[in-house]
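Trainee: got a sequence here, can you build the structure:
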Amino acid sequence: MKNYLIALGLFLSSVSSIYSQDSLVFKNGNIIVGEIQSLGNGVVTIETDYSDDDFTILWTEIEEAYTESLLTMVTVDGDRYYGTLRTDNGKLVIMDEDEGEIIVSRNEIVSLKPLDKKFLDRLYAGIDLGLTFTKARDQRQFTLRSRAGYLTEKWSIDMNYNVLNSSQNDTEDIHRTDGNIAIKYILPREWYITAQVDFLSSTDQLLDLRTNSRIGVGKYLIRTNKLYWGIQGGVSYNVEDYEGFNNDRESTEAWFGTGFNVYDIGDFSLLTNIVVYPSLTESDRIRIDYNLDLQYDLPLDFYVKTGLTLNYDSEPIEGGVETDYVWQTSFGWSW
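Mentor: Numbers count the residues shown, from 1 in each chain. Got it, this is the predicted structure:
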């Protein structure tokens, strides 16, 4: 019966003229036919010609896969293949254009991306908003967290922009803005090259603007359909402009960091990373950037997120603080 259903699914895919069809067979025997858009963070996305919305399915719920689309495939070991995918005797068979047949288990595949994805299909974006009004002292607070990016088989660009504005009677207003632009180029065996520009403006640290430009290399130590853990490091050039001060600073720093992301815990996901900057030109100065995000997914691509952003400076400017942090809880949407 199961073989009949698979044959029927493949037949339906052959008569459709809209897509280069792929078929996924669930553990319960159901079949979905369409075009695979991606596999990442343990979730496979497939587009069909009978729904306006893409379907997202846990990769662990897929028993068999058959593709006609040409895919970029990445394994837990960091090996990259280009070709199609089919199932044979419970194993996935990668039909690589150069190496021929490679047999792997389902859990060894951590990433799938079509080679012919359109420009808009490679984009992602999300925005979180928070707004608080309190009658006491006429307190008002606005928060915004946003991100966007573009992914290809070999490189990616990621952007973040976050704002906190807070005001109340008889107290100075608080303003904090941070963000970054990061470019990553993928190398074999889960290594990558990264170039990134970070910026921070904070009334608490008396910073008009800190601009930190850094380059380095990184490696994914673990990347599965449940989590990833990576390390990276390099050198950076830090420029700081302070409020009302003539002693602005420039310094060269080393940097090293680690990031951890868990995404197979039901509707929850956890992302945390830390970067340490020991100065090479300012004696005994160390800076630390830390981020923590916990997200709960809601229907229709909405979610609720709570997160911590912390910046530490062992030698702040006179009148500034060593530690500046923001804890935000917000409602967001992504695509």
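Trainee: gap between Glu97 and Thr72?
Mentor: Applying CB to CB, to the nearest Å, the value for Glu97 to Thr72 is 11 Å. For glycine as for every other residue, the C-beta is placed from the backbone atoms N, C-alpha and C.
Trainee: no no, Ile174
Mentor: From Ile174 over to Thr72 the distance is 45 Å, taken as CB to CB.
Trainee: is the residue most central in space within the chain in a helix, a strand, or coil?
Mentor: Compute the mean C-alpha point of the chain, and by CA atoms, centre = their mean the closest residue is Asp158, 8.0 Å away. Each residue gets one of three states, and Asp158 gets strand by DSSP: H, G, I helix; E, B strand; the rest coil.
Trainee: who touches the closest residue to it other than its chain neighbours in this structure?
Mentor: Distances taken as CB to CB, 6 or more residues apart in numbering put Gly149 closest to Asp158, at 4.2 Å, once the chain neighbours are dropped. By CB atoms under 8 Å, 6 or more residues apart in numbering, the contact set of Gly149 is 123-125, 156-159.
Trainee: and Gly149, bridged to which residues?
Mentor: Per DSSP bridges, residues listed as beta-bridge partners of Gly149: Tyr124, Asp158.
Trainee: pLDDT at it, what is it?
Mentor: Gly149 carries a pLDDT value of 92.
Trainee: and for Tyr161?
Mentor: 94.
Trainee: which helix or which strand is home to it?
Mentor: strand 155-168 (DSSP states H and E).
Trainee: next secondary structure element downstream of that strand?
Mentor: That would be, after strand 155-168 and using DSSP H and E, strand 171-186.
Trainee: tell me what that following strand is packed against?
Mentor: Here strand 171-186 touches strand 155-168, strand 191-202, going by 3 or more CB pairs under 8 Å, 6 or more residues apart in numbering; DSSP states H and E.
Trainee: could you check how many residues crowd around Ile265?
Mentor: Ile265 is flanked by 11 other residues according to other CB atoms under 10 Å.
Trainee: could we number from 842 for the rest of this?
Mentor: Okay, residue one is now 842; in that scheme the one you just asked about reads as Ile1106.
Trainee: for it, give its distance to Asp1142.
Mentor: 19 Å.
Trainee: show me what contacts Gly1160?
Mentor: Leu1047.
Trainee: same check on Gly1100?
Mentor: Here Gly1100 is in contact with 1069-1071, 1073, 1112-1115 (CB under 8 Å, 6+ apart).
Trainee: just read off the phi/psi values of the nearest residue to Tyr923 once chain neighbours are set aside.
Mentor: Here the nearest residue to Tyr923 in space, its sequence neighbours aside, is Glu938; by CB to CB, 6+ apart that works out to 5.4 Å. Main-chain dihedrals, Glu938, degrees, to the nearest 10: phi -70, psi -30.
Trainee: next one, pLDDT for Glu938 please.
Mentor: 77.
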